[in-house]
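**Student:** Output the structure for:
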Amino acid sequence: MGDDFGDIERFTKFMKLWKDLFIYKLALIQHLENALPLQTFDFANLKVLDVENNKLPDNVSLEEGALLEPLAVGVYACKRAKIEVGANVLILGAGPIGLVTLLVAKARGASTVIIADLNESRINLAKQLGADDVYLVKKESEENKNVEQICRLFDEKPSITIDACGFESSIRLAIQVTKTGGKAVIVGMGANEVKLPLINALCREVDILGVFRYANDSFQLSYVSLNIYPRIMNFLLLQEITLY
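**Tutor:** Presented below is the predicted three-dimensional model:
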């Protein structure tokens with residue numbers, strides 16, 4: 001998804017600055033409501049909205065408001081996973097959704113968050129955003145070898161794995177790398193049908209949870225924000241990235 005920004009360097013700059021925005025604006029998101037899928041208007045030709053009740057607060061800019069939607073996906077994923085203080089979390093995929101999920105997991109108190117990706121530039125960025133460790137997945141690597149090497153980084157299997165890719169290979173890895181009794185949360189959406197090791201999950205009682213975007217309360221965060229002005233605004237004003 002980094003390619004949407006033109007090149008990986010611009011994407012990297014964008015995500016570094018987004019970290020400050022995330023910290024500064026968490027306490028303001030509760031003003032946004034009426035998110036799907038709890039309301040079902042997707043296939044309607046027209047939809048009537050109460051404009052007065054759907055405005056951004058005066059102290060939230062349009063640029064900041066535009067970034068709340070992907071952040072809400074990470075919030076909902078971590079809520080579905082029930083990430084709590086002390087959790088060991090693996091995130092598969094270091095694109096925008098994987099990176100905001102990393103930020104939310106750390107904000108919820110996860111003690112160890114490791115992120116894996118095929119792209120070295122992305123996992124280097126994940127380190128800068130607070131990942132405790134990273135794992136570079138090689139295309140030629142065997143599934144069992146990836147499981148073994150990731151577990152070495154944790155000293156055990158992670159209790160929660162969040163797949164932010166949606167590929168068959170990453171969903172399979174999410175199930176097999178998760179510890180017995182843990183949770184594999186699938187955020188990425190790929191093919192309609194994939195081949196998965198369900199008996200593996202059944203025998204080890206690994207819960208498989210799906211995430212479809214976000215729910216209403218994904219925007220209603222109450223974390224205490226730090227008084228750090230988001231440098232992302234300066235970045236946007238320099239027009240290094242356009243959000244439309």
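
**Student:** Now do the helices for this protein: every range, in order, please.
**Tutor:** Taking DSSP state H, the helices of the chain run over residues 8-25, 62-81, 96-107, 120-128, 143-154, 168-177, 198-203, 232-237.

**Student:** what's the angle from the second one to helix 96-107?
**Tutor:** Yep, that's helix 62-81 we're talking about. 70 degrees (axes from the mean of the first three to the mean of the last three Cα atoms, to 10 degrees).

**Student:** Any buried residues in helix 62-81, and which?
**Tutor:** Using 16 or more other Cβ atoms under 10 Å as the test for burial, helix 62-81 gives 63-65, 67-68, 70-81. C-beta: built from backbone N, CA, C; applies to glycine.

**Student:** for residue 176, what are its contacts?
**Tutor:** Contacts for residue 176 (Cβ atoms under 8 Å, 6 or more residues apart in numbering) come out as 143, 147, 197, 200.

**Student:** what do you get for residue 186?
**Tutor:** 163, 166, 171, 174, 208-211 are the contacts of residue 186 under Cβ under 8 Å, 6+ apart.

**Student:** For it, list each beta-bridge partner.
**Tutor:** residue 163, residue 210 (DSSP bridges).

**Student:** Let me know how buried residue 139 is, in neighbour terms.
**Tutor:** Neighbours of residue 139 under the rule other Cβ atoms under 10 Å: 6.

**Student:** leaving aside the residues next to it on the chain, what's closest to it?
**Tutor:** residue 118 (6.6 Å; Cβ to Cβ, 6 or more residues apart in numbering).

**Student:** Quick check: which ranges of the chain have low pLDDT?
**Tutor:** In the predicted model, the chain carries pLDDT under 70 at residues 1-54, 56, 59-61, 63-66, 214-244.

**Student:** For residue 155, see how far away residue 149 is.
**Tutor:** 12 Å (Cβ to Cβ, to the nearest Å).

**Student:** Between those two, which has more neighbouring residues?
**Tutor:** Shown here are residue 149 and residue 155; by other Cβ under 10 Å, residue 149 has more neighbours (15 against 8).

**Student:** does the residue nearest to residue 139 really touch residue 135, like I thought?
**Tutor:** No. Applying Cβ atoms under 8 Å, one finds residue 118 not in contact with residue 135, separated by 10.3 Å.

**Student:** The two: who's more crowded?
**Tutor:** Remark: of residue 118 and residue 135, residue 135 carries more neighbours, 19 against 16, as counted by other Cβ under 10 Å.

**Student:** what's across from that one in the sheet?
**Tutor:** With DSSP bridges as the rule, residue 135 is bridged to residue 116.

**Student:** Surely it touches residue 113?
**Tutor:** No. Using Cβ under 8 Å, residue 135 is not in contact with residue 113, being 11.9 Å away.

**Student:** Are there residues contacting both of the two? Which ones?
**Tutor:** Residues touching both residue 135 and residue 113 (Cβ under 8 Å, 6+ apart): none.
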